[in-house]
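Visitor: Below are the sequence and a predicted model; questions follow.
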Amino acid sequence: MKEILEKENKDSLSAIEKQEEYAYKVRCILEQAEKLRGKKLSVCVITFGCQQNEADSEKLVGQAVYMGYDKTSDLDDADLIIYNTCAVREHAELRALSRTGSLKHLKKKNPRLIIGLWGCMVTQDHRMNDIKTRYPYVDFVAGTNMLHRLPEILYDVLSSHKRRYYVTNEPADTVEGIPVVRENDIKAYVSIMYGCNNFCTYCVVPYVRGRERSRSKNAIIDEVRQLVYDGYRDITLLGQNVNSYRDPEYENGNYGFPELLNEICSIDGDFKIRFMTSHPKDASDKLIDLMAHNSKLARHFHLPLQSGSSDILRKMNRKYSAEEYLQLALKIKEKVPGIALTTDIIVGFPGETEKDFECTLDMVRAVRFDSIFAFIYSPRVGTPASKMDDPISHEEKTERMARLLELQTEISAEINKNYVGKTITALCESHFPAEEDFYTARTSENKIVFFKKLNNNSDLYGKTIKIEITRSTPARLYGEYSGK
Ligand code: SAH
Ligand code: SF4
């Protein structure tokens, strides 16, 4: 066993060493290009989709900066543009494609500009074909399993002056040591696992991100410890289903997510841990107990429901019934008083009847989520649901969506109203006012507070402060900070 692990570690190390060699070659090419351009070259990475993509983009920027690029958010100024794409719903794909279309004129202005499309959308054959035929000015395309190989890809493009396609079906490794440039200096994402094995029938993620694989707990804990040391105050652990985390190096595989959380929470320092996403079928009592007793765990649980109808849940392959979900949600609320529950809901799954939809509304009333993310079902190529009969019109689905949002807005308004008159603690997230005189802060329950400073001009960014809540809306709390 030990020998195999050591070999795996060596392979992983050599994967990064190989990339360092490519990075050096790219740096030499860039030095020549800088002379021609008369300034340092810059990289702009634009992210579509989820937090996992945001975390991946930080690694793309990290590798580009390691190769000698400056980071920019200005597309007009960039010499390397990468769109990190999403495939979860059609809308995200169409947005990425239309924005790719508008890069054509930049290429005319700066013929040396390199354009890359990365991630989930391009990992699908039909999209790859679109790009090959309709977007000739895209220089490279790379799938999610190429994350650590940007130096190699860029070297290939820069030295061959040809379009390159790095999309394969090979299973991805969990490579450690990829350079990262983080977007924020108090909030950070830490991926603890990649991919998904659940195959919910509507979802493209298992196809574009591959099978589930966990990072070693030692690598994760080292990363979190370093973040805490560097002053990060709010850390979100990421995975498609964090509850099925298993330390690959632990014999018998019995070091799971609660064990990982426990060990992370024992790191000294003033920080909060969040996690996303937790599949209801695997949310254990051990995890709930930990949430109840460990003050480093944020009092927020995102527990995707998808539908309140057991029939639809079965067709979705979610592996829990509506009753089981309700019991779990109520248990979490009872064991962790004051916890904020949020969820994802899909409206208009193929064959969803009015009765099924009403079950979803009933569930929303029974659980009283703090907020929801609701999506109209979007058929995804290659998924089982895309082949199911779907007699419900788009108009009907839009109308259901409006009814769901109206109900949730009422509930969120009522929940947030309960905060008015109370003093809460929250982490200040802005150096400067975000809107008029209002600064922003985030509570442990993941609520955004817009607050005014009374008689106080010090920079509160990164500090946990007490705010008196004076009013609320369904999506926000408003308050005042008096320095007390
Ligand atoms: N792994 C996470 C979800 C990742 S996708 C989980 O299981 O909760 C984020 C959300 O997008 C899902 O929870 C679902 O509500 C929504 N979603 C996924 N596929 C979709 C589709 N084909 N149409 C509409 N919404 C979808
Ligand atoms: Fe998609 Fe289901 Fe996996 Fe979430 S658990 S990523 S919804 S297949």
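Guide: All right, it came through fine. Ligands and ions are numbered 1, 2, ... in the order given.
Visitor: Would you mark the buried spots in stretch 128-139?
Guide: Buried residues in stretch 128-139, defined by neighbour count with 16 or more other C-beta atoms under 10 Å: M128, D130, I131, Y135, Y137, V138, D139. All C-beta atoms are positioned from the backbone trio N, CA, C, and that covers glycine.
Visitor: same question, stretch 178-190
Guide: I178, P179, V180, V181, R182, I186, K187, A188, Y189, V190.
Visitor: Same check on stretch 416-429?
Guide: Applying 16+ other C-beta under 10 Å to stretch 416-429 flags N416, Y419, I424, A426, L427, C428, E429 as buried.
Visitor: now the buried residues of stretch 178-190 in TSV, with secondary structure?
Guide: Compiled in TSV, the buried residues of stretch 178-190 are given as follows (DSSP: H, G, I helix; E, B strand; the rest coil):
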residue	secondary structure
I178	coil
P179	coil
V180	coil
V181	coil
R182	coil
I186	coil
K187	strand
A188	strand
Y189	strand
V190	strand
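Visitor: which among those gets closest to ligand 2?
Guide: Nearest to ligand 2, judged by C-beta to the nearest ligand atom, of the buried residues of stretch 178-190 is Y189 at 16.3 Å.
Visitor: for that closest one, what are its contacts?
Guide: Applying C-beta atoms under 8 Å, 6 or more residues apart in numbering, we find Y189 in contact with Q51, E54, A55, E58, I235, T236, L238.
Visitor: Not including adjacent chain positions, what is the nearest residue to it?
Guide: A55 (4.1 Å; C-beta to C-beta, 6 or more residues apart in numbering).
Visitor: give the contact list for the spatially most central residue of the chain.
Guide: Centroid-nearest residue in the chain: Q51, 1.3 Å away (criterion: C-alpha atoms, centre = their mean). Shown in contact with Q51 (C-beta under 8 Å, 6+ apart): Y189, T236, L238, M276.
Visitor: Tell me the one of the residues you listed nearest ligand 2?
Guide: M276 (10.5 Å).
Visitor: got the contact list for that closest one?
Guide: Q51, T236, L237, L238, G239, V242, H302.
Visitor: Could you turn the buried ones of those into a PyMOL selection?
Guide: A single PyMOL command selects the buried members of the contacts of M276 (16+ other C-beta under 10 Å):
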select buried, resi 236+237+238+239+242+302
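Visitor: I'd like the contacts of M276 as JSON lines, with secondary structure appended.
Guide: Shown next, in JSON lines, are these (three-state DSSP):
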{"residue": "Q51", "secondary structure": "helix"}
{"residue": "T236", "secondary structure": "strand"}
{"residue": "L237", "secondary structure": "strand"}
{"residue": "L238", "secondary structure": "strand"}
{"residue": "G239", "secondary structure": "coil"}
{"residue": "V242", "secondary structure": "helix"}
{"residue": "H302", "secondary structure": "strand"}
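Visitor: Specify which member of the contacts of M276 is nearest to ligand 2.
Guide: Checking the contacts of M276 one by one against ligand 2 (C-beta to the nearest ligand atom), the nearest turns out to be G239, at 9.4 Å.
Visitor: just to revisit the earlier point, which pair of the buried residues of stretch 178-190 spans the longest distance?
Guide: I178 and I186 (21.8 Å; C-beta to C-beta).
Visitor: quick one on the thing from earlier: host element of the residue nearest to Y189?
Guide: Element membership for A55, per DSSP states H and E: helix 51-67.
Visitor: Contacts for the helix or strand that that helix is followed by next, please.
Guide: Moving toward the C-terminus from helix 51-67, the next helix or strand (DSSP H and E) is strand 70-71. Strand 70-71 is contacted from outside by K40, L41, S42, V43, C44, V61, A64, V65, V181, using C-beta under 8 Å, 6+ apart.
Visitor: residue contacts, the first one?
Guide: With contacts taken as C-beta under 8 Å, 6+ apart, K40 has the following neighbours: E34, G68, Y69, D70.
Visitor: Please pick the buried ones from the residues you listed.
Guide: Applying 16+ other C-beta under 10 Å to the contacts of K40 flags G68, Y69 as buried.
Visitor: can you put the contacts of K40 in CSV and add distance to ligand 2 and pLDDT?
Guide: Below are the contacts of K40 laid out as CSV (distance: C-beta to the nearest ligand atom, whole Å; pLDDT from 0 to 100):
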residue, distance to ligand 2, pLDDT
E34, 42, 91
G68, 36, 96
Y69, 32, 97
D70, 35, 97
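Visitor: What are the boundaries of the strands in the stretch 51-200 of the chain?
Guide: 70-71, 80-85, 114-119, 140-142, 164-166, 187-191, 193-194 (DSSP state E, counting those that start in this stretch).
Visitor: In CSV, list these along with distance to V157.
Guide: Formatted as CSV, the strands of the stretch 51-200 of the chain follow (distance: least, C-beta to C-beta, whole Å):
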stretch, distance to V157
strand 70-71, 19
strand 80-85, 10
strand 114-119, 6
strand 140-142, 5
strand 164-166, 5
strand 187-191, 26
strand 193-194, 25
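Visitor: how about the ones you listed, which one is nearest L328?
Guide: Using C-beta to C-beta, the nearest of the strands of the stretch 51-200 of the chain to L328 is strand 193-194, at 21.4 Å.
Visitor: From the chain's centroid, how far away is the helix or strand just after the closest one?
Guide: Sequence-wise, the next helix or strand downstream of strand 193-194 (DSSP H and E) is helix 205-209. Its chain's C-alpha centre and that of helix 205-209 lie 14 Å apart, by C-alpha atoms, centre = their mean, to the nearest Å.
Visitor: contact partners of helix 205-209?
Guide: With contact meaning C-beta under 8 Å, 6+ apart, helix 205-209 is reached by 52, 87-88, 119-121, 123-124, 143-144, 194-199, 240, 382-383.
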